[in-house]
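1. A structural model of the following input is requested.
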Amino acid sequence: MLVREAMTSPVVTIPPSATVRQAIRVLDEHEITALPVVDGGRLVGIVSEMDLLLGEFEADPRAFARPRTAPSGSAGPGTPSPRHVGDVMTREVETARPGTDVAELAELMMRTRIRCVPVLDGPAIVGVLSRRDLVSVLARGDARIRDDVLAAIAELGPGAPFDVSVDGGAVELRGAAGEPARRIAEVLARTVPGVRQVSIRPVRP
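-> You can find the predicted model right below:
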């Protein structure tokens with residue numbers, strides 16, 4: 001399966017000039033954990049919920065039993081200016097292409113603990129692949145995967161029928177087709193989201 005078949009698109013992005021609070025609201029509204037940062041149509045970074053939350057909460061004096069007297073009225077000259085996304089984002093971003101193999105990217109994400117990878121087609125960001133996307137792919141039921149595999153290999157025509165069984169995302173194709181048709185059927189089956197592996201059992205005509 002390729003990244004373009006599992007990624008989320010269109011993409012929710014944010015500019016580096018947005019404030020941290022604005023970015024937090026976007027994450028909350030869209031129920032996501034990270035945002036690609038785009039400036040002038042170009043990917044310049046990524047900001048995660050951890051980046052945004054860092055430093056946003058002050059200690060509550062009640063927790064230390066030492067009440068502090070807060071100044072009344074408007075904020076004084078010492079009040080810090082609102083932080084912006086460009087101040088807290090990660091600038092070195094791991095990216096993928098739509099034609100990248102999902103298995104390869106999933107291994108990278110698990111190894112490096114990256115939560116979200118922007119997908120670029122040239123300079124344009126066309127999607128994101130997150131851990132949630134990977135879980136959604138794996139959560140697809142075997143019956144649905146079987147239907148999709150049957151639909152995919154139907155491209156071979158009625159002259160090369162296959163029986164299809166699926167167990168935990170593992171697909172087995174059984175049929176009397178020749179070697180070229182079996183290779184094509186295997187490739188087509190592997191394009192179906194949720195397929196972990198494909199095996200072929202030739203059946204004598």
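
2. Next one: Gly78, what pLDDT does it get?
-> Listed pLDDT for Gly78 reads 49.

3. what does Ser9 give?
-> pLDDT, Ser9: 90.

4. nearest spatial neighbour of it, skipping sequence neighbours?
-> Nearest non-adjacent residue to Ser9, counting by C-beta to C-beta, 6 or more residues apart in numbering: Gly127, 3.8 Å away. For glycine as for every other residue, the C-beta is placed from the backbone atoms N, C-alpha and C.

5. ok, now Leu54?
-> Using C-beta to C-beta, 6+ apart, the nearest residue to Leu54 is Val88, at 7.0 Å.

6. which of the residues in the helix or strand hosting the residue nearest to Ser9 are buried?
-> Applying DSSP states H and E as the criterion places Gly127 in strand 124-130. Buried residues in strand 124-130, counted by 16 or more other C-beta atoms under 10 Å: Ile125, Val126, Gly127, Val128, Leu129, Ser130.

7. same check, this time on stretch 112-126
-> Under the neighbour-count rule (16+ other C-beta under 10 Å), stretch 112-126 has Ile114, Arg115, Cys116, Val117, Pro118, Val119, Leu120, Ile125, Val126 buried.

8. Specify which residues of this protein, grouped into ranges, have pLDDT under the cut-off.
-> Applying pLDDT under 70 to the chain picks out residues 55-82, 158-160, 204-205.

9. care to break it down by domain?
-> The chain is divided into the following domains under automatic domain parsing: 3-56+84-137, 142-202.

10. And the shortest one, end to end?
-> When you say that, I think you mean domain 142-202. End-to-end span of domain 142-202 (C-alpha to C-alpha, to the nearest Å): 22 Å.

11. Ok, stretch 26-36 next?
-> For stretch 26-36, the first and last residues are 12 Å from each other (C-alpha to C-alpha).

12. again, but for stretch 178-198
-> 17 Å.

13. Would you pull up how far that stretch lies from the middle of the chain?
-> 24 Å (C-alpha atoms, centre = their mean, to the nearest Å).

14. can you pull the buried residues of it?
-> Going by neighbour count (16+ other C-beta under 10 Å), the buried part of stretch 178-198 is Ala181, Arg182, Ala185, Leu188, Ala189, Arg190, Val192, Pro193, Gly194, Val195, Arg196, Val198.

15. now swap in stretch 28-38 and tell me
-> Neighbour-count burial for stretch 28-38, counted by 16+ other C-beta under 10 Å, picks out Ile32, Ala34, Leu35, Pro36, Val37, Val38.

16. How far off centre is it?
-> With C-alpha atoms, centre = their mean, you get 12 Å for stretch 28-38.
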